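Undergrad: Can you look at this prediction? I've put the sequence above it.
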Amino acid sequence: MMRSDLTPLQSGLALLAALAALAGLAFSLSTFTTAPLLALVCSLGALSLVRLIWPFSLWLDGALALLGALALVASLPAEGSMPGHHWLALVAAWAFAWLFVERLSATIRLGKLPETGTGLVIPIVFGLALLVAWEVITRGANVPPVLLPPPSAIGARFLAETSILWADFVQTFIKSVLPGYAMGCLAGLGVAILVDRSPFLKAGVMPIGNFMSALPIIGIAPIMVMWFGFDWQSKAAVVVAMTFFPMLVNTVAGLNAASAIERDLMHTYAASSWQTLMKLRLPAAGPFIFNALKINSTLALIGAIVAEFFGTPIVGMGFRISTGVGRLAIDLVWAEIAVAAVAGSAFYGVIALIERGVTFWHPSVRGGRA
Amino acid sequence: MTRLLPVLTILLAILVIWYGAAVPMNANWQVTLNNRADLVDVPLTTFAQQTWSQDKPVLPAPHQVISEIWNATVALDISSKRSLAYHGWITLSATLLGFAFGTALGVLLAVAIIHNDASDRSLMPWIIASQTIPILAVAPMVVVGLGAVGLTGLVPKSLISMYLSFFPVVVGMVKGLRSPEAIQLDLMRTYDANGWQTFWKLRWPAAMPFLFASMKVGIAISLIGAVVAELSNASGGGLGVRLLTGSYNGQTVQIWAALFIAAGLAAILVALVGSAERWVNARMGARA
Amino acid sequence: MTTVVSAQNLGLTFPTGDGDIVALSDVNLTINKGDFVSFIGPSGCGKTTFLRAIADLEKPTSGTLSVNGMTPEQARQARAYGYVFQAAALYPWRTIEKNIALPLEIMGHSPAEQSERIARTMELVNLSGFEKKYPWQLSGGMQQRASIARALAFDADLLLMDEPFGALDEIVRDHLNSELLKLWERTQKTICFVTHSIPEAVYLSTRIVVMSPRPGRVTDIIESTLPRDRPLDIRETPEFLAIAARVREGLRAGHSYDGGAV
């Protein structure tokens, strides 16, 4: 059958893509003038059947997927649902993208293409494919915007409302998350170091700390709003409570991470407990502390946003989300979520970068891909 | 006993601090009340007792919370809208449904990821990145959005729970299914074992500890998801709704009681997964 | 001759769930300045425990033990010895020179003195040029040399080594053995060396302490008749083989391998 070196899965995808394109072409002949670009792409896709005779490069599959995506978005109707055969084109474009990714990852695995750079292409292709499918499906099938607005509408809203989004970001992230995060993490670290000096306290605090880490601490938000008022102070307090326990538990575990030999070594030097802490146990706890810092970066943002559901001044990401949902301004809510996603990932990314610099010696950092 | 004593000591300390803190935190309001009632020179012990028995205290005393929990669960008809057992059950069912589907989805996705290079490369970066995103913030919107198309009740809430519990399971299972070492895989190859056999005889058992560790995280976060999802729909009931109405009406005792029930549920669920973990690990010959 | 380590009727018992384990029983031993003493025996004979007792890492339960005329604890606080563990135990977040600087920092040496001592000890163990490397960038043999340099850096007269080359392959081990001998000659230190290799013990030592388990005790002390200057091929001389045979005899006399007949 196939003369090429495709795996069964890849051959199946190639066939699916070509046949879907062929069918799409057949149906679009009658409506050629309304979407000429789509018909063109469909005919190119159908032409890909020549790979049965002349196998071609995986990059051509990628180009077909890209062209298909562009044509689909360009031929979306301004109103109403998409014609039926466009869905065939969507299937074809998706199959080409999948085939491209399959073939690219196989090539990387065989070592014919470098891991760095090309390895990054695959998740980007996946993300773009998801975005295009989202746009085409929401607009093509007339999904109610309340359920899921198309990304283009979210993007437009984002650009139109930058000043509101910025004010919300400052209120929630700069004023609530950062101070709360810093206070919660520092307090957890400090208490862990104090508790560590007494085995009795450690035995008492550790089970409670572990227990507290699993609890829905976020529920204290209404209480904090009552105690500290509507402004950022109450949100910061929630963040402190949420970040404290993960840091406590991880640091105490980390302080015990140094091996017996390493501790005996400090003992033979007659090192003071302060010297042992600073020169051995705290550095050895580094990976654990960073683990808590990373967990907490996500928790802090969630805590601040959810706490705003319980009452805020008229600014803040959580406020905007809850009022936006109430007024069915869902695209603004999604724009706010996009900001939260970018802020959350950037926050996490910065901490992960610092971790790489500080705990460069740890096998998990040295080893690369696990 | 030696392990319990330190924990009990700390708990006792917390209780003492709690009672102690309730006095100054509720003092302002109590002074106002006493002035209105023309009570003067109230002795300190009486005053302390007054602060521990207010109707809407800033910080309710522990016994007030416990008696509220008692009144709202055991002493109340279970079908009553004020019963915390009723609301707890709503939250629990959403949590369990979402958790079950989330775990199943997570395991399936992990299996796909370890067997297909392309899905590993395209999905994993996004799965990891999505963990850094405050997904919980989306919860009320998903509930309202689904409500607009007619999906209400348990399903939207458990979708949130599913979404939240699915992440730790995927990440843990991918790690677990990849945990067998090269020599163990080579051994299977010397037996000419097929992929199915390698999976069930090596990868799956090796992944069990990872699965349960992820499930402990998953069930806890699943409950949080259900509670937060309830915040957006006050008519649906659930512990989240009790938190919300309590905060609107200043019913602090009610908030604390709902909070304690949620904490108790989380503790029981995590403990159940934990004991299942110990049982499975023991059967697989792991040490303690 | 000055006495460095002196043990009289030394006993050490570990309490466990299944009853007490007698790790050391009635050990009498004197180690003089400049000695190279090896402790050899099967596992469980208490050789490592004895070394750890000298280092104040374990507390004897009976008898007396003195190091430089002091109790082990006083000796440790006076930084009387350097200890080399089975594993290099270099801190992965410090470069080699920073690892060697670790005891110097703790003992409060000035930065200038630290760098002078680091340079000297790294020269001594032939590691010059690797100052800025991290431990995990070095081979196992080089890591263990760095850990010896770390033990030498603060110039204690006594060096305690617990199977320092046990995890290395034989080729590297031979090489490090001859380097250790040269180092011992140059620095005139007293060395206590735990091993389970007969050739290693005979090649290195001026005295060989043969121990046996259940209870851990000394069964024989052999004075080496080999000259101080020992090339590697001394191991083929009849004199060397005779000492090795006596060590083997001592180990057998301790019934240490009879357990296999059960």
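TA: It's in. Numbers count the residues shown, from 1 in each chain, chains lettered A, B, ... in the order given.

Undergrad: Low-confidence bits of chain C, can you list those?
TA: By pLDDT under 70, the low-scoring segments of chain C are C:255-262.

Undergrad: Report how many residues lie close to residue 150.
TA: Using chain A. Applying other C-beta atoms under 10 Å in any protein chain shown, we find 21 residues neighbouring A:Pro150. C-beta coordinates here come from the backbone N, C-alpha and C atoms, glycine included.

Undergrad: Please refer instead to chain C.
TA: C:Arg150 has 27 neighbours, counted by other C-beta under 10 Å.

Undergrad: That one contacts C:Ile100, correct?
TA: Yes: look at C:Arg150 against C:Ile100 with C-beta atoms under 8 Å: they come within range, at 4.9 Å.

Undergrad: Which neighbours do those two have in common?
TA: C:Thr121 (C-beta atoms under 8 Å, 6 or more residues apart in numbering or on different chains).

Undergrad: Are we agreed that C:Ala89 is in a strand?
TA: No: counting by DSSP: H, G, I helix; E, B strand; the rest coil, C:Ala89 falls outside a strand, being coil.

Undergrad: I'd guessed it sits against A:Met266; true?
TA: No: using C-beta under 8 Å, C:Ala89 is not in contact with A:Met266; the gap is 10.1 Å.

Undergrad: domains in chain A, as residue ranges please.
TA: Annotated domains of chain A cover A:8-143, A:159-366 [automatic domain parsing].

Undergrad: Out of the ones you listed, which gets the lowest mean score?
TA: With a mean of 81, domain A:8-143 has the lowest mean pLDDT of the domains of chain A.

Undergrad: what's the first-to-last distance across that domain?
TA: End-to-end distance for domain A:8-143: 35 Å, by C-alpha to C-alpha, to the nearest Å.

Undergrad: How far off centre is it?
TA: Remark: domain A:8-143 is offset 25 Å from the chain centroid, using C-alpha atoms, centre = their mean, to the nearest Å.

Undergrad: Just checking it against chain B, any contact.
TA: Yes: applying C-beta under 8 Å from any C-beta of the partner chain, one finds domain A:8-143 in contact with chain B at A:9, A:98, A:101-102, A:104-106, A:108-109, A:119, A:122-123, A:125-127.

Undergrad: What pLDDT is listed against B:Asp77?
TA: At B:Asp77, the pLDDT value in this model is 69.

Undergrad: B:Thr132 too?
TA: We have a pLDDT of 69 for B:Thr132.

Undergrad: And for the one 4 residues further on?
TA: At B:Leu136, the predicted lDDT confidence score is 75.

Undergrad: Could you tell me which of the residues of domain A:8-143 next to chain B count as buried?
TA: Buried by 16 or more other C-beta atoms under 10 Å in any protein chain shown: A:Trp98, A:Val101, A:Glu102, A:Leu104, A:Ser105, A:Ala106, A:Ile108, A:Gly119, A:Ile122, A:Pro123, A:Val125, A:Phe126, out of the residues of domain A:8-143 next to chain B.

Undergrad: hang on, the fifth one in a helix?
TA: Right, the one you point to is A:Ser105. Yes: in this structure, A:Ser105 lies within a helix as judged by three-state DSSP.

Undergrad: show me the contacts for it.
TA: Residues in contact with A:Ser105, defined by C-beta under 8 Å, 6+ apart, are A:Ile122, B:Asp117, B:Ala118, B:Asp120, B:Arg121.

Undergrad: and with 6 Å instead?
TA: With contact set as C-beta atoms under 6 Å, 6 or more residues apart in numbering or on different chains, A:Ser105 has these partners: B:Asp117, B:Ala118, B:Arg121.

Undergrad: need those residues in TSV with secondary structure, can you?
TA: TSV is the format used below for those (three-state DSSP):
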residue	secondary structure
B:Asp117	helix
B:Ala118	helix
B:Arg121	helix
